[in-house]
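> Show me how the following folds:
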Amino acid sequence: MAENDDSQLSTLGYRTAGSGRRAEIGAARRARSRNTLLTAAFTCFGQETGQASRIEDICKCAGVARGTFYNHFDDLEQLKYQLQEELTGEFDRAVHLMLAALDSPAEQTAVAIRYYLHAAEKNPAWGWAMIHSSAPGHTFGETVWHNSLVTIRRGLDQGVFSISTAEIGRDILMGAVAAAMVSITQGCTPADYPEQIARHILLAFGMSAAEAQQICTRPLPALPAIAHEKIVIASMPALGEIGGPEPPGGGR
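Predicted coordinates:
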């Protein structure tokens, strides 16, 4: 009887281990399928005409059936949201590692603007994907939308900015940066355009011309290396190459 019990337990253990292994394989296959769709979405949205991309276009690019799309996303808007998180998640984390070393909300704001716009300059496909996958009310993703508001509110509390509300400042910043990203990805801007945009945003926030100019022409530190293996999109910009010891050309 004991031998039978041991045999049954052994068989049960084998079955449990086998089920666990099958679940792992299934999860890995599902992750690869999702990543294939996100990479295809990046390819479709990451071009100037990408705004018109449909689910059918993304599925064709990914080489999957339409039903596979709905195994991972409810609709195109949900895919755009997830794509934004992939495009900005680790990038924004790297940016905020640098912002933590800066005391002034004004400099934090200017540096963040410059990082994002220089990233679009170095990788236009990333810039176009950022533009075309942004949702109304969450430009560049929910995390960036929230973090910009927090920084601007701190600037108001410290008396650095002179605007009516942090929400107005957030809308000014996001609108200007989104429009500037379009101009940059179209290749029709000077090398110091990110600095010019940052300077004019600080002016709109009530800072003096001298203060804004001084802040926006400081050397831009190189972004730290980040965990690239966490990023689904293979064509992300080389983050460590953004910024460096020499400041870009002064704003005009």
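
> nearest residue to the residue nearest the centre of the chain other than its sequence neighbours?
With distances taken as CA atoms, centre = their mean, the residue of the chain nearest its centroid is Thr88 (1.4 Å). Of all residues not flanking Thr88 in the chain, Gly141 sits nearest, at 4.5 Å (CB to CB, 6 or more residues apart in numbering). C-betas here are computed from N, CA, C, even on glycine.

> What separation is there between Gly50 and Cys59?
According to CB to CB, to the nearest Å, Gly50 and Cys59 sit 15 Å apart.

> The residue nearest to Thr88: what's it in contact with?
With contacts defined as CB atoms under 8 Å, 6 or more residues apart in numbering, Gly141 is in contact with Tyr81, Gln84, Glu85, Leu87, Thr88, Gly89, Asp92, Ser134.

> Can you tell me which of the residues you listed has the largest number of neighbours?
In terms of neighbours by other CB atoms under 10 Å, the contacts of Gly141 top out with Leu87 at 29 neighbours.

> I'd say it and Ile131 touch.
No. The criterion here is CB atoms under 8 Å, and Leu87 misses it with Ile131 at 10.5 Å.

> what about Ala209, how many neighbours?
Neighbours of Ala209 using other CB under 10 Å come to 11.

> Can you tell me how far Thr165 is from His138?
Taken as CB to CB, the span from Thr165 to His138 is 18 Å.

> out of these two, which sits in the more crowded spot?
His138 (16 against 12).

> on that earlier part again, hmm, Val144 and the residue nearest to the centre of the chain touching each other?
Yes. Using CB under 8 Å, Thr88 is in contact with Val144, at 5.5 Å.

> ok, and for the helix or strand where Ala180 lies, which residues are buried?
Using DSSP states H and E, Ala180 sits within helix 166-185. For helix 166-185, a neighbour-count test (16 or more other CB atoms under 10 Å) marks Ala166, Gly169, Arg170, Ile172, Leu173, Met174, Ala176, Val177, Ala180, Met181, Ile184, Thr185 as buried.
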